[in-house]
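J.: Sequence and predicted structure are below.
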Amino acid sequence: MPKLSVVVIAYKMRRQALNTIKSLSIRCQKNIAESDYEIILVENESSENIDPESLAALGSNIRYFRRSESGKSPAAAINFGLEQARSPVVGLLIDGARMVTPRTIEYALMAHRSDENALTAIPGYFIGPYEHQFAHENNYDESAEKALMEKIRWEENPYRLFDVCTMSAANPRGTFIPFMECNCFFTSKRNFGLIGGADERFNLIGGGSLNMHMYRLIGILPSCSSYFILPGEGSFHQLHGGCHDIPLGRPAGTARPVQAANRCTMGGKPFPVSHAGAHIAWLDNQSRTAVPGLLKPVR
């Protein structure tokens, strides 16, 4: 039985999702055994589905489920993935285009040995010189990103992604302060159950503010008394035409007001940044590559 499950949701992002699974696989993760964890990839049907054989080549702990969804939101796929998880601790990547660094699983396991019901957050970044909602207006596209990743030979050392990234605005005060949002986080399967899993009323493309909503609800659970941050690790968003990546011809900033309205409708009030009452701790190997995030000014 695995000690930890990672649920990854993907739709129409074959190259990006395969990179994410590679980064999570035992090929890249360090100081753990393949049997310590399982990767659950839930992919919705599209014209760009992953070849299952390419996943099988990455390890024996990868479980792949292809689903046909009528809706635009990943909420149902998240709930399906949570049902498949066989371990008491579950990580969620609602966006399958987010790669992670090599000690993410090791530190998540360490955190949840201390407190199974903790919330463990991985800092978020964008690959390339811009936040991806501004990529198109700066002529930065998937081909430029692919060339950049090939140049740094990320598969040899995924920590090199820190050398070519931009910090997410979800971490406006750096990586020592609780995050407004986190696109790669871990908690107990019990905690996911206590919030009712993914609320399927979040029906916008990409789920709108569903990820933020789930992260908030878990963070304020009475059972969630510990909040771990991994400042030396990271999750790195790849361009893929999702809700982060505003298409050419679409006015900048149009997605976020709609997401905010959806969030307030579903949650009743805007998202609070604080994790009041939680014991905050940091797990890190003082990675040199993560220095830009560590030095972000605190205001």
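T.: Yep, that arrived. Numbers count the residues shown, from 1 in each chain.

J.: how many other residues sit next to I280?
T.: 12 (other C-beta atoms under 10 Å). For the C-beta atoms, the positions are set from N, CA and C on the backbone; glycine is no exception.

J.: My guess is it contacts C224. True?
T.: No: using C-beta atoms under 8 Å as the test, I280 is too far from C224 to be in contact (11.8 Å).

J.: Contacts only, for the closest residue to N211 other than its chain neighbours.
T.: Counting by C-beta to C-beta, 6 or more residues apart in numbering, I94 is the residue found nearest to N211 once chain neighbours are left out, at 4.5 Å. I94 is in contact with 9, 74, 78, 183, 207, 210-211, counting by C-beta atoms under 8 Å, 6 or more residues apart in numbering.

J.: JSON lines for those residues, including pLDDT, distance to R173 and secondary structure?
T.: Compiled in JSON lines, those are given as follows (pLDDT from 0 to 100; distance: C-beta to C-beta, whole Å; DSSP: H, G, I helix; E, B strand; the rest coil):
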{"residue": "I9", "pLDDT": "98", "distance to R173": "28", "secondary structure": "strand"}
{"residue": "P74", "pLDDT": "95", "distance to R173": "28", "secondary structure": "coil"}
{"residue": "I78", "pLDDT": "98", "distance to R173": "28", "secondary structure": "helix"}
{"residue": "N183", "pLDDT": "94", "distance to R173": "17", "secondary structure": "coil"}
{"residue": "G207", "pLDDT": "93", "distance to R173": "25", "secondary structure": "helix"}
{"residue": "L210", "pLDDT": "95", "distance to R173": "24", "secondary structure": "helix"}
{"residue": "N211", "pLDDT": "94", "distance to R173": "20", "secondary structure": "helix"}
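
J.: Going by secondary structure, K146 is in what exactly?
T.: If you go by DSSP states H and E, K146 is part of helix 142-152.

J.: Not counting stretch 219-231 itself, show me its contacts.
T.: Counting by C-beta under 8 Å, 6+ apart, 103-104, 107-108, 111, 114-115, 117-123, 175-176, 178-179, 187-188, 190-191, 194-195, 218, 275-284, 290, 293-294 sit against stretch 219-231.

J.: What is the distance between that stretch and the centre of its chain?
T.: 16 Å (C-alpha atoms, centre = their mean, to the nearest Å).

J.: List the buried residues in it.
T.: Under the neighbour-count criterion of 16 or more other C-beta atoms under 10 Å, stretch 219-231 has 219, 221, 224, 226-231 buried.

J.: Tell me which of those residues fall in helices.
T.: Members of those lying in helices (criterion: DSSP state H): G219.

J.: which among the buried residues of stretch 219-231 gets closest to E142?
T.: Nearest to E142 among those is L230, at 27.6 Å by C-beta to C-beta.

J.: And that closest one, how close does it get to A17?
T.: L230 sits 22 Å away from A17 when distances are taken as C-beta to C-beta, to the nearest Å.

J.: the strands in the protein, which residues?
T.: 4-11, 37-44, 62-67, 89-93, 98-100, 119-121, 124-127, 165-167, 185-188, 226-229, 235-237, 279-282 (DSSP state E).

J.: which helices and strands sit right next to the fifth one?
T.: Right, strand 98-100. Contacts defined by 3 or more C-beta pairs under 8 Å, 6 or more residues apart in numbering; DSSP states H and E place strand 98-100 against helix 14-24, strand 235-237.

J.: re the thing from before, list buried members of the contacts of I94 by neighbour count.
T.: Applying 16+ other C-beta under 10 Å to the contacts of I94 flags 9, 74, 78, 183, 207, 210-211 as buried.

J.: coming back round to it: gap between the residue nearest to N211 and D51?
T.: Taking C-beta to C-beta as the measure, I94 falls 23 Å from D51.

J.: try I177
T.: Going from I177 to D51 by C-beta to C-beta gives 41 Å.

J.: Between the two, which has more neighbouring residues?
T.: More crowded of I177 and D51, by other C-beta under 10 Å: I177, with 17 against 10.

J.: tell me the phi and psi of that one?
T.: Dihedral angles of I177 (phi, psi; degrees, to the nearest 10) stand at phi -120, psi 140.

J.: what's the answer for S209, then?
T.: When read as degrees, to the nearest 10, the backbone of S209 gives phi -100, psi 20.

J.: didn't it look like it was pressed against F202?
T.: Yes: S209 lies in contact with F202 (C-beta under 8 Å); the separation is 6.9 Å.

J.: that older thread, using PyMOL, define a selection of the buried residues within the contacts of stretch 219-231.
T.: A single PyMOL command suffices to select whichever of the contacts of stretch 219-231 are buried according to 16+ other C-beta under 10 Å:
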select buried, resi 103+104+107+108+111+115+117+118+119+120+121+122+123+175+176+178+179+187+188+191+194+195+218+275+278+283+284+290+293+294
